[in-house]
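*Asks:* no sequence on this one, just coordinates:
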């Protein structure tokens, strides 16, 4: 391997990252029986049409009746949580539109569970339903908390209603005090329910319905539906739904299992492609200072858009994010101040001839980024007929410049606001957001182009990458301090206000919650961006919260929970996907 004097003489920091535990040969050996042409694929197509008929039948019968409306809502809720609602986007949108226009429905006449599910699904699909539908519930909480707690311990259906309201409260927007109070009350009640049920372990073990309810509540208190990635949620909910013997629909369960396994086959092809790309790039050993997180990066990209039709987006996003991770480590753990400036200048000029003046490792990094971004631009031109390279190279330059701003923080602790203003950028807000926009937008308008390059606008992209950075900080702050990295949001807030680390962490969680309210509100505004781009940004926030929920699931390659999740998502099909006897499929 060629080196140079600059590389030999510069003292480097050591970050001590463990290497990837995912082997290329293992990934290439992955096989599946769940293809479209297989007996499973044929069975899945048949079940899909059965579900479509069921949706249409219930939609036609739902107008003006709470009982039939409740049946439709539960069906839509299950199709979403089981992970196959993307097959029926048009049918579900029509159903929600019809439900929204139905003026014969009186909200207060229905049970709490159905009222909350209706509110949540309508808001999820962009219908501006008033928070006032929970005003009567809020009044009740002010006078009868003890009775409500007693009802929870005695009646599983009542707990399900409280849980449904709790989930609905996470679709609140800025300034909605009723939903804010509802969330605070229901979360407290559900936590108390879990605490009290621990003293009734024998009773819970003997009561299947109570056991399932406790499982649902514990899961929701970890992260609500609105903050979870759809594919990981589907894998968990399929197992949970199968436990619901009394209320489970065999048709939905069978199709959910088959669809999950068939989509998994798509992911395996994606993984093989990424693993080959990584091997052909041949940069892992050269850039040994950097995290090799290609599998974790792909896991994150699936969280951003899981549907098979977004295969190209997942692949491009994974490649780009692998290189962004390398550049992050280059700036944080490898380069001297002079090298940082040299590399940034080369990126800004975006000329392959400028690499001649760079140290060897920086040449490798620059060339890999240069080729990958140009490849993405070519892909956009080929698929959408738009030449995006000028926008993409600007976003790369702006991304790298943000590291120069962060470098100043080694000797200065910024305020939290100053930190966030730069950190959402260095988290990938400019480059990943810009790339997502061009890969997912078929015909970008002038207004949309101006907006995507306007970093001062407070849009869904900024919110998503703000959450990415803050969830990362909550999970990795202690490790980064040990490595001598620049201060995180937690240290910035502690320094600014003088509060304890515990109080600072609670404040950062509050900022994340408030950011979600802002992004929820974007659903009701006339956006210049496409629906697929907005969904990708919302899912970016969800994927971040999933990756960092239990710690640093990205920086530590052998992190058990991330590896276990990746195995269940990409390697291990759900067993018994066609029922107890699939010999006659």
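*Replies:* Alright, I've got the coordinates. Note that this is a predicted model, so its numbers are computed, not measured.
*Asks:* could you point out which element follows the helix or strand that contains residue 146?
*Replies:* Taking DSSP states H and E as the definition, residue 146 sits inside helix 145-154. For helix 145-154, the succeeding helix or strand toward the C-terminus, using DSSP H and E, is helix 156-168.
*Asks:* show me what secondary structure element comes after that next one.
*Replies:* Scanning forward in sequence from helix 156-168, with DSSP H and E defining helices and strands, the next element found is helix 177-197.
*Asks:* show me what counts as buried in that next one.
*Replies:* Taking 16 or more other C-beta atoms under 10 Å as the basis for neighbour counts, the residues of helix 177-197 that come out buried are 178-179, 181-183, 185-187, 189-190, 193, 197. Placement of C-beta: from N, CA and C, glycine included.
*Asks:* can you show me the helices along the stretch 401-550 of the chain?
*Replies:* Applying DSSP state H, counting those that start in this stretch to the stretch 401-550 of the chain gives helices spanning 416-424, 431-440, 446-452, 460-483, 489-497, 501-522, 531-547.
*Asks:* what's the separation between residue 23 and residue 295?
*Replies:* 10 Å (C-beta to C-beta, to the nearest Å).
*Asks:* and the two? Which one has more around it.
*Replies:* Looking at residue 23 and residue 295 with other C-beta atoms under 10 Å, you find the greater number of neighbours at residue 295, namely 22 against 10.
*Asks:* I figured the more buried one hits residue 566, correct?
*Replies:* Yes: under the criterion of C-beta atoms under 8 Å, residue 295 makes contact with residue 566 at 5.9 Å.
*Asks:* from residue 379, how far out is the nearest residue to residue 86 once chain neighbours are set aside?
*Replies:* In space, and not counting its chain neighbours, residue 86 is closest to residue 307: 5.0 Å by C-beta to C-beta, 6 or more residues apart in numbering. Look at residue 307 and residue 379: by C-beta to C-beta, they are 18 Å apart.
*Asks:* same check on residue 298?
*Replies:* Residue 298 is 18 Å from residue 379, where distance means C-beta to C-beta.
*Asks:* again with residue 246
*Replies:* 50 Å.
*Asks:* which one's more surrounded, those two?
*Replies:* Neighbours per residue, other C-beta under 10 Å: of residue 246 and residue 379, the larger number sits with residue 379, 16 against 7.
*Asks:* what helix or strand is the more buried one on?
*Replies:* Using DSSP H and E, residue 379 sits in helix 360-384.
*Asks:* which strands and helices lie in contact with that helix?
*Replies:* Using 3 or more C-beta pairs under 8 Å, 6 or more residues apart in numbering; DSSP states H and E, the elements in contact with helix 360-384 are helix 311-329, helix 337-349, helix 389-407, helix 431-440.
*Asks:* give me that answer again for 6 Å
*Replies:* Secondary-structure packing of helix 360-384 (3 or more C-beta pairs under 6 Å, 6 or more residues apart in numbering; DSSP states H and E): helix 311-329, helix 389-407.
*Asks:* reformat these as TSV; add mean pLDDT.
*Replies:* Listed next are the helices and strands packed on helix 360-384 as TSV, based on pLDDT from 0 to 100:
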stretch	mean pLDDT
helix 311-329	94
helix 389-407	92
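*Asks:* the residue lying closest to residue 174 once chain neighbours are set aside - how many residues pack around it?
*Replies:* Excluding the flanking residues, the one nearest residue 174 by C-beta to C-beta, 6+ apart is residue 517, at 4.9 Å. Per other C-beta under 10 Å, the neighbour tally for residue 517 reads 18.
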